[in-house]
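Trainee: Predicted structure and sequence below. I'll ask about it afterward.
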Amino acid sequence: MRVSWRGLVIFVSGGMLGTAFGVALGIFIFPFVFPPPPAAEQLTEADRSPLHATGTFIHANPSDPVHWGRGKVSVYERAVFLDPDFEVGPGPKYHVYLVPNAMVRREEQVAKSTFVDLGRLRAFKGSQRYPIPAGTSLKDYPSVVIWCEQFGVLISPADLTPAAKQ
């Protein structure tokens, strides 16, 4: 049996294109078709005091229909709490960061900073609690952002407003 080079090249190219299409489909379509259930975490009494700051996630780049977020965030002395109205467009490897820059609107503002990674986002919607590492000075972090680690993309920033002193 004789194998032609042209047939072999077409076969290998088709396999590579099919694999690439399948991976892209899995990364970009799967989260929309099979989203994880909404989170419903609660704060403990130890987490609730004192309230340091609050903010609202925004759509940083309105011309980008894929990367968006909305909802409120509360920052306490020991935890960041994404409120029940929190929601982001689905994607791979999202993380919650405390960022030392105010008014974050571009990727460079996060990528070139010394941020605090609070962990991987557990759900695309609903309330979630993220512990703040001991020794973190919250006054140095005026923003909370949702960041895609896999592609280095800013998903949604929240500018923090200090809570009123009680």
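Mentor: Looks like it came in fine. Numbering: from 1, shown residues only.
Trainee: How are the strands of this protein distributed by residue range?
Mentor: 39-40, 51-57, 69-76, 79-82, 87-88, 94-99, 116-120, 126-131, 143-148, 153-162 (DSSP state E).
Trainee: can you redo those strands as JSON lines with mean pLDDT, distance to Gly14 and mean neighbour count?
Mentor: C-beta here means a position set from N, CA and C on the backbone, and glycine is covered the same way. Shown next, in JSON lines, are the strands of the chain (pLDDT from 0 to 100; distance: least, CB to CB, whole Å; neighbours: other CB atoms under 10 Å):
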{"stretch": "strand 39-40", "mean pLDDT": "67", "distance to Gly14": "41", "mean neighbour count": "14"}
{"stretch": "strand 51-57", "mean pLDDT": "97", "distance to Gly14": "42", "mean neighbour count": "19"}
{"stretch": "strand 69-76", "mean pLDDT": "97", "distance to Gly14": "38", "mean neighbour count": "21"}
{"stretch": "strand 79-82", "mean pLDDT": "96", "distance to Gly14": "44", "mean neighbour count": "24"}
{"stretch": "strand 87-88", "mean pLDDT": "96", "distance to Gly14": "36", "mean neighbour count": "20"}
{"stretch": "strand 94-99", "mean pLDDT": "98", "distance to Gly14": "33", "mean neighbour count": "22"}
{"stretch": "strand 116-120", "mean pLDDT": "97", "distance to Gly14": "35", "mean neighbour count": "15"}
{"stretch": "strand 126-131", "mean pLDDT": "94", "distance to Gly14": "42", "mean neighbour count": "19"}
{"stretch": "strand 143-148", "mean pLDDT": "97", "distance to Gly14": "30", "mean neighbour count": "24"}
{"stretch": "strand 153-162", "mean pLDDT": "97", "distance to Gly14": "31", "mean neighbour count": "22"}
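Trainee: Serialize these to CSV and add fields for distance to Glu108.
Mentor: Output for those, formatted as CSV (distance: least, CB to CB, whole Å):
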stretch, distance to Glu108
strand 39-40, 30
strand 51-57, 19
strand 69-76, 19
strand 79-82, 23
strand 87-88, 20
strand 94-99, 12
strand 116-120, 18
strand 126-131, 24
strand 143-148, 12
strand 153-162, 9
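Trainee: Can you give me the domain boundaries for this protein?
Mentor: According to automatic domain parsing, the chain comprises the domains 1-34, 39-162.
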